[in-house]
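Chemist: coords below, sequence missing:
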C-alpha cells in the first residue's frame, strides 16, 4: 500500500473540508442524505394511512433485521451530527466575518424568511428529533403502534408535531434549493422546475406528516 | 423631467481613522434637487460642512458613471441604496421623498477595514484576483484573435460574469460577509472561455483559498449579493465556482 | 530645449522594425537589476507595468484609487480599433494610419501614427488571449462594428463596456505580476513630485492618501501614464480624480508640454442640470444616426418640445450641412450646439441644451426597431434624467471628453527629460488635433504592451546609470518642496471659514473661464481676456481657499486643492497655446480663421507643427518651441462636409 499517496489524499480531503466551499458541500451532502432518509421515513409512516396494524407490521419487519438497523442508525446519527455541527460552526464563523451589523437591518431579498432562519429552524428540528426519538424510537418496538396512538391522543403533542413539521418545511424550502446551488446545479433551463420543487417538496412532507397525527383525532 | 426640492435628515457614520470607534452624526439638508445624484447630494453636504468649518464626510467615488466600482455605501440597510442594478453614483435623489431620514453607513465586513468615515479598504478583493484571476499569458506571441472560435452565447455568458465592477456591495450585503459572488464571477468568466481552461483547476483552488484566508465568510445561499449587485451578476456564477472548485479538488 | 523626435530613417512601413533593430537591448539576466516606476494603472500604465515585469524588470506601480482596476480607462464605452480587416471591407494598416492622421487634422507625427496602426492587430490578439470577452458572431469569430463615422468595420467591442473589459484584462496581467513579486503595487498614493538626479528622472515623491505621509521612491526610469487633463474645465466626462498633477510636476521639472490647447469636446452628453453638477455623462455618438438635432427658432421659447410646431423648429445641422446633416463630425456638432445656445435658443432648465429628437425615426422604423438599436442608451438616459426619449426628445450638450495634448515625447515615448517616459492619454503623440472614436484604447495599450518595452531597454541599455539613494539631496529637496506646497495650501485654514472660498468654488470658476474662452470656438479677444482674468482666480485660490482638516490624514479637500492648484497653473499654457495657434484645426475653431461659410480653416503653412512649451519658472513666461511636422507619405487635405 502506498502510504504517501494515501496521505496526500487525506491531506487533500482535509484541505477540501476546511475550505469554505468544502463546508458547503458537507452541508449539502449531509442534507441530501437526510432528505433521502426523510423520504424513506415518510414511506414507512405512510402505512399508518392504511391501519395501525399495518404500521406495526412494517415496524416488526424493519426490526427483524437488527444488523441493518444498527448500522443504518449509526450512519444516520453521524450524518445528523455532521450536518448540525458544521451548520453551527458555519453560523459562528460567518457571524464573525461581518465585523459589525448595520444600524438599519434590512434585506434586499424578499421572502428571505427561510434562508435567514436556517440555523434556528435547524436547531428546532434537532430538539424535535430528540423529543421524537425519545418518545418513539427508544421505546418498545413491539408496541410502537400503541405508543403512537397514545402519543397522538394529546392535543398538545399534536400541535407540537404539526408546528415542527411546518418548521421542517421552511427549513427544507431553503435547504433543497441551497443544496442544488451548492452542487452547482443552476441553469436557466431547469431553474423553473427547481423553483417549483422548492415549494412542492416541503409542502408534500408537511401535508403527509401533519396528516398522521390528525388521523388519530378523527 | 420635473425638478423638485426635498429636505433630508442624514445619519452618517463618522470615524476619524481605522482605530477610532466611530459613531453616527445627524445632518439636515434642505433644498436638495431631485435631479442630483446621491454623490452630488453628499458633495452639497460637504460644501455645507466646509463652510461651517467642519470636517467633510470622506467617501470614495471616481468615474460617477457606474463603472469604476469606487463608490458604495449602505443606505437604510441596502448597499448602493434602494434602486436595483444601480451604483450609488447613478442613484438619483428623485427616488427619495421629502422629509426622509437616510442612515448612511460604510460597507461593513471583517475583510474591509474602515479607513475613514465611509472610505473602506477593499484590497482583499485585489488579492483574490492576484491569486489566480488571470490567464497566464505574456505580452506577445499570442495566436491570432480568431484562432479559437468562441460561440456567441458563451462569450455573452462570460461577459455577464466579467461585468463585475469590484465594488464590494456583494460582500457588504451578505449576512456572512462572503465574497463568493465576486470570486465566482471571475472564476466563471475564465472557466467559460477556452483561454482560461489550461489553468482552471489551479485558478479555482488558489482563488478560493485566498478568499477564505482574507477573512470573508461562507455562502449560505441567501441571494442578498445578487439582489444588490449593481451589474446584476447572477449567483449562477457561484454555482459554477462550486463546480469548478470541487472538480479542482478531486480531479486535479 | 532640444526637440529631437528620433524618428528612424527609411520607408514608413519599415521604421518600427528599423528602430527595434537599432535599439539597444538589456540581457534578460540583467533586467532584474533595473527598476522602473510606473505612475497610473489605466490601460497604458497597467499594460506597461505588467509587460516590463514579464520581461524581468523590477517594477513599482502607483495609483491614486484604492485599486489599480479603477483607472478611468474603465469608462470607455465604444470599442477599440484594429486593422485586422476581419470583415474584408478594405481595411489595412495603411488605411487605419491614414484615417487616424486625417482624423487628427494632420497635426500628428506620421511615424508614430503608422506604428500605432501596425501594432493595433497584436493588441486584439493579446486581449483575446487574456480572456477579454469581445462580442462574437454566431460562428464564433469576433464581431466588428463601424464606429465614429469610419468607412470600415474595424472596431472590436464588448457590449458598451469595452474600456472596462480591456482594463480588467490589463489589470489581471498586472495582478499576476504583483503575485509573482515582480511588481510592487502602491494604491492610494499620489505622485506629488518628480525627482531628477543629474538631469535624469530617477524617482518620485508620493503622498499616501490614507495617512498623508510623504514617501520617496527611486528607480532607473520613470513612466507616467496618468491620463488626460480634461478636468481643468471642472465639468467633463472624466473621472473626478483625473488630474494634470503628475505631468504638470514633470513639466515644471523640464518636460516639454505639447499642444495643451487640443481638447476634444464630445457633442452628445447629458446636459448640466444645475450648479451642483459634478460630472457629465457621455452618450454614444451613434444616437445621431437616427436622432434629429433641433432648437426652437425663437430665442427664449419656453414651450415644451411637443408644443412647438414643425415650422417653428430649427433643424440647424440639416439646414447648414445638407449632405452630412446630423452626422457632421464631433467638433462641428459641438460647436453649433454651443452657438445655438449662445444665441439664446438653448432648451432645458439651464438653457444649455439642444434637442435630439427620435420622433421621426420612431414614426419611420417603429418603436421596436429604435429600441433595439438604442434601448440601453435610452435606459441610461432615463435613469439619469427621468425622461423617456421615446416620448420626449433627448436633451444633449457638448462636454469636454479627451485631451490630445500632453507631454511631448519622441518616437521612444521619452519626454525631454532623459529617463522620463509618458504613455497613453498623458502624452501628445498619436491623435494630432482630434482623436478618432475607438482609438484611445488602442493607443493606451499599444504604448503599454508593445512600445514602451523597446524604449526602456534602449534607454537602460544605452548608458550606465549611477545608483541613487532616496536619502540624497535631490530627494530631500523634492520632498521639502512638496511639504512646503502642502503647508502653503493649508495656510488659510486656521480659524473660521468666514469670507473664504472652497476648492470647488474656485474650480468651477476656472472651468467656466476655460469653457467660455478656451473651448470649442476661440478668438484672440476672448483668450486674452481669459489670460487676464486667470491671475485673479489663482490669487483668490492661494489667499482664500479654505481646506478643513490637516495634511496628515485622509483629507479629500486637500487632495482636490492640490490638483486644482496645478490646473490653475496649467491653464495658463493652455490659453497661451490656444492664443498662439491662430488656425482652426481638429477639435477647435479659431474664429479668426474660417472660410466664408464659417467653416474651420486650417493653416498648414503657418501651423504644421507641434507647439511645445517650456517652463521658465513661476515669474517668467513659458517659452514656445516648435517641432515641424513633415508629411512624406500623406498629403494634408482640408475637410469638407457641406
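Modeler: That came through, no problem. Worth saying up front: this structure is predicted, and the values here are computed from it rather than measured.

Chemist: ok, residue C:330 to chain A distance?
Modeler: 41 Å (C-beta to the nearest C-beta, to the nearest Å). Glycine gets a C-beta too; all of them are placed from N, C-alpha and C.

Chemist: and what of residue C:67?
Modeler: Taking C-beta to the nearest C-beta, one finds residue C:67 at 20 Å from chain A.

Chemist: if I look at that residue, how far off is chain B?
Modeler: 5 Å.

Chemist: What are the phi and psi values at that residue?
Modeler: Main-chain torsions, residue C:67, degrees, to the nearest 10: phi -150, psi 150.

Chemist: Grab the nearest non-local neighbour of residue B:249.
Modeler: Sequence neighbours aside, residue A:16 is the residue nearest to residue B:249 in space, at 4.5 Å (criterion: C-beta to C-beta, 6 or more residues apart in numbering or on different chains).

Chemist: Tell me how many other residues surround the one you found.
Modeler: Other residues within reach of residue A:16, judged by other C-beta atoms under 10 Å in any protein chain shown, total 19.

Chemist: following the stretch of helix or strand it belongs to, which helix or strand comes up?
Modeler: According to DSSP states H and E, residue A:16 maps onto helix A:3-18. Later in the chain than helix A:3-18, the nearest helix or strand by DSSP H and E is helix A:20-45.

Chemist: immediately after that following helix, which helix or strand?
Modeler: Sequence order places helix A:52-63 as the next helix or strand after helix A:20-45, per DSSP H and E.

Chemist: In the stretch 101-250 of chain B, what residue lies closest to chain C?
Modeler: Nearest residue of the stretch 101-250 of chain B to chain C (C-beta to the nearest C-beta) works out as residue B:149 at 2.7 Å.

Chemist: which residues does the closest residue to residue C:282 other than its chain neighbours contact?
Modeler: What sits nearest to residue C:282 in space, not counting adjacent residues and going by C-beta to C-beta, 6+ apart, is residue C:237, at 4.6 Å. Contacts of residue C:237 were listed using C-beta atoms under 8 Å, 6 or more residues apart in numbering or on different chains, and they are B:65, C:75, C:230, C:266, C:269, C:279, C:280, C:281, C:282, C:399, C:400, C:401.

Chemist: If we use 10 Å, what do you get?
Modeler: Counting by C-beta atoms under 10 Å, 6 or more residues apart in numbering or on different chains, residue C:237 touches B:63-65, C:72, C:75, C:230-231, C:264-266, C:269-270, C:279-283, C:399-402.

Chemist: just checking, it is part of a strand?
Modeler: No - checked against DSSP: H, G, I helix; E, B strand; the rest coil, residue C:237 lies outside a strand; its state is coil.

Chemist: wait, isn't residue C:542 in contact with residue C:491?
Modeler: Yes - contact status for residue C:542 versus residue C:491: in contact at 8.2 Å, counting by C-beta atoms under 10 Å.

Chemist: any residues in contact with both of those two?
Modeler: With C-beta under 10 Å, 6+ apart, residue C:542 and residue C:491 have no common neighbours.

Chemist: More neighbours: which of the two?
Modeler: Taking other C-beta under 10 Å, residue C:542 and residue C:491 do not tie; residue C:542 has more neighbours (15 against 12).

Chemist: Who's the closest spatial neighbour of that one, skipping the chain neighbours?
Modeler: That would be residue C:488: by C-beta to C-beta, 6+ apart, it lies 7.2 Å from residue C:542.

Chemist: Now residue C:403, what are its backbone angles?
Modeler: The phi/psi pair for residue C:403 (degrees, to the nearest 10) is phi -120, psi 120.

Chemist: phi, psi of the residue lying closest to it once chain neighbours are set aside?
Modeler: Distances taken as C-beta to C-beta, 6+ apart put residue C:228 closest to residue C:403, at 3.8 Å, once the chain neighbours are dropped. Phi and psi for residue C:228, reported as degrees, to the nearest 10, are phi -90, psi 170.

Chemist: Does residue C:533 touch residue C:572 like I think?
Modeler: No - look at residue C:533 against residue C:572 with C-beta under 10 Å: they stay out of range, at 11.3 Å.

Chemist: Show the contacting residues for the residue nearest to residue B:249.
Modeler: Residues in contact with residue A:16, defined by C-beta under 10 Å, 6+ apart, are A:22, A:23, A:25, A:26, B:205, B:245, B:246, B:248, B:249, B:250.

Chemist: Is there a neighbour count for the closest residue to residue C:531 other than its chain neighbours? I'd like the number.
Modeler: Leaving aside its sequence neighbours, residue C:531 sits nearest to residue C:575 (C-beta to C-beta, 6+ apart; 5.0 Å). Residues lying near residue C:575 (other C-beta under 10 Å) number 26.

Chemist: Toward the C-terminus, what is the element adjacent to whichever helix or strand residue C:575 is part of?
Modeler: Using DSSP H and E, residue C:575 sits within helix C:556-580. Where DSSP H and E defines the elements, the next helix or strand beyond helix C:556-580 is strand C:589-590.

Chemist: Need the three-state assignment for the residue of chain C found nearest chain A.
Modeler: Nearest to chain A, among the residues of chain C, is residue C:66, at 17.8 Å (C-beta to the nearest C-beta). When classified by three-state DSSP, residue C:66 comes out as coil.

Chemist: you'd agree it is up against residue B:124?
Modeler: No - in this structure, residue C:66 is not within contact of residue B:124 by C-beta under 10 Å, at 11.1 Å.

Chemist: Of those two, which one has the most company?
Modeler: Neighbour count, other C-beta under 10 Å: between residue C:66 and residue B:124, residue C:66 has more, with 25 against 22.

Chemist: what touches both of residue C:66 and residue B:124?
Modeler: What both residue C:66 and residue B:124 touch, as defined by C-beta under 10 Å, 6+ apart, is the set residue B:168.

Chemist: ok now do residue C:226, which residues does it touch?
Modeler: C:38-42, C:44-45, C:62-64, C:71, C:191, C:242-250, C:406-407, C:422-426.

Chemist: Is it part of a helix or strand, or is it coil?
Modeler: Per three-state DSSP, residue C:226 ends up coil.

Chemist: quick one: pLDDT of it?
Modeler: pLDDT for residue C:226: 98.

Chemist: what's the answer for residue C:558, then?
Modeler: The model's pLDDT for residue C:558 equals 97.

Chemist: host element of the most centrally placed residue in chain B?
Modeler: Central residue of chain B (C-alpha atoms, centre = their mean): residue B:167, 2.2 Å from the mean position. Using DSSP H and E, no element contains residue B:167; it sits outside every helix and strand.

Chemist: Okay then, goodbye and thanks.
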